[in-house]
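Trainee: need coordinates for the following:
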Amino acid sequence: MKRGKLGRTTSHKEAMLSNLLVSLIKSGAVETTECKAKNLKPLFERIISQAIEGTNATTIQVMRWVDDKEAFKTLQRSLVPRLKERKGGYCRIYKTRFRQGDGAPMARVEILSE
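Mentor: A predicted model of the protein is given here:
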């Protein structure tokens with residue numbers, strides 16, 4: 001398995017990753033557990049690559065994952081032009097701390113600036 005199930009059903013995992021993706025697009029960075037961050041990164045990379053491609057089919061795929069209209073507009077208007085010249089590696093994961101309640105390793109996912 002390339003990515004884990006995160007202890008959730010498939011529909012729950014996809015909804016959670018979609019919400020994380022929207023939060024990442026809106027704010028530019030999000031702090032979550034390390035496991036969720038490692039699942040979010042390839043999804044974000046694929047969505048950005050499809051948005052850069054810009055065909056009708058890829059736009060529909062992007063819209064399926066980015067449910068929020070405001071986040072979709074932010075993606076199309078600011079992120080795609082900014083990241084168009086890059087070949088990949090649109091975000092970075094930083095390990096930050098251990099969560100106080102259960103000791104889970106936390107990580108920060110940030111969109112690269114250029």
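
Trainee: what sits against Lys5?
Mentor: Lys13 (CB atoms under 8 Å, 6 or more residues apart in numbering). Just so you know, the C-beta spots here come from the backbone N, C-alpha and C atoms, and that holds for glycine as well.

Trainee: strands of the protein, residue ranges please.
Mentor: For the chain, the strands defined by DSSP state E occupy 29-33, 91-98, 105-111.

Trainee: list the buried ones in the second one?
Mentor: What that stands for is strand 91-98. By 16 or more other CB atoms under 10 Å, the buried positions in strand 91-98 come out as Cys91.

Trainee: which strands and helices lie in contact with it?
Mentor: In terms of contact count using 3 or more CB pairs under 8 Å, 6 or more residues apart in numbering; DSSP states H and E, strand 91-98 is assigned the packing partners helix 34-53, strand 105-111.

Trainee: swap in the shortest one?
Mentor: If contacts are counted by 3+ CB pairs under 8 Å, 6+ apart, strand 29-33 sits against helix 10-27, strand 105-111.

Trainee: list the buried residues for it?
Mentor: By 16+ other CB under 10 Å, the buried positions in strand 29-33 come out as Val30, Thr32.

Trainee: just the helices and strands packed on strand 29-33: most buried one?
Mentor: Stretch with highest mean neighbour count among the helices and strands packed on strand 29-33: strand 105-111 (a mean of 18; mean count of other CB atoms under 10 Å).
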